[in-house]
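Just need the structure, nothing else, for what follows:
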Amino acid sequence: IRWIEDRLGWFGKITMGLIGIAWSVASVFAIPVIVRHDEKNPFTVLRASALTLKATWGESLVGFVGMQAVGLAFMFFVIVFGVIEAVTIAVLQQVPLAVAMGGLFVVAMMLYGFVMGLASHVYRCALYVFASEGVVPQPYTRAMMDTGWKIKKV
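Below is the predicted model of the structure:
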């Protein structure tokens, strides 16, 4: 893949970027397929994931976009808070406080990444169960699941 990018220049980079996006979208339900069906063949897993996405979501990825928007808003506020604290600490010239706040910031970002990743996987699994079986997993409601996609009219 890297060879194609290098040989084709900017066109290769764009092409590989688009392939990467397509792979990410097609494999969105890969983990739920593996967990639910104990599937081992990667091509079967990818196919089942892509078919579930195609059959139920159409063009809309509302749930994931919403989750990412909340995550970005949280990240923005944490960064703004961090900058304000960094300036305040620099003005006060408190090195131990700066080190402690830097460590706290790193721990907060790691915790944020863990929680957002976990929430994303749980949401994906719930959407997969809803899409493949028509069952609303607990503690979700039908309205919550319906906001996750736009059903295609066949």
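
Low-confidence stretches in this structure?
Residues of the chain meeting the criterion pLDDT under 70: 1, 55-64, 145-154.

show me where it has helices.
Counting by DSSP state H, the segments of the chain that form helices are 2-26, 30-37, 42-56, 62-92, 95-133, 142-146.

For the fourth one, enumerate the helices and strands it packs against.
When you say that, I think you mean helix 62-92. Applying 3 or more C-beta pairs under 8 Å, 6 or more residues apart in numbering; DSSP states H and E, one finds that helix 62-92 contacts helix 95-133. Placement of C-beta: from N, CA and C, glycine included.

hmm, back to that, columns mean neighbour count on top of the helices of the chain, output as a markdown table?
Formatted as a markdown table, the helices of the chain follow (neighbours: other C-beta atoms under 10 Å):
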| stretch | mean neighbour count |
| --- | --- |
| helix 2-26 | 12 |
| helix 30-37 | 17 |
| helix 42-56 | 16 |
| helix 62-92 | 13 |
| helix 95-133 | 14 |
| helix 142-146 | 13 |
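
Just the CA trace of stretch 108-122, in PDB.
Extracted in PDB, the C-alpha atoms of stretch 108-122 (Å, rounded to 0.1, in the frame of the first residue of the first chain):
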ATOM      1  CA  ALA A 108      -7.600  13.000  31.600                       C
ATOM      2  CA  MET A 109      -6.900  12.600  27.900                       C
ATOM      3  CA  MET A 110      -6.100   8.900  28.300                       C
ATOM      4  CA  LEU A 111      -9.300   8.400  30.300                       C
ATOM      5  CA  TYR A 112     -11.300  10.400  27.700                       C
ATOM      6  CA  GLY A 113      -9.900   8.200  24.900                       C
ATOM      7  CA  PHE A 114     -10.800   5.000  26.800                       C
ATOM      8  CA  VAL A 115     -14.300   6.100  27.600                       C
ATOM      9  CA  MET A 116     -15.100   7.400  24.100                       C
ATOM     10  CA  GLY A 117     -13.700   4.200  22.500                       C
ATOM     11  CA  LEU A 118     -15.700   2.000  24.900                       C
ATOM     12  CA  ALA A 119     -18.900   4.000  24.300                       C
ATOM     13  CA  SER A 120     -18.400   3.800  20.500                       C
ATOM     14  CA  HIS A 121     -18.000   0.000  20.700                       C
ATOM     15  CA  VAL A 122     -21.000  -0.400  22.900                       C
END
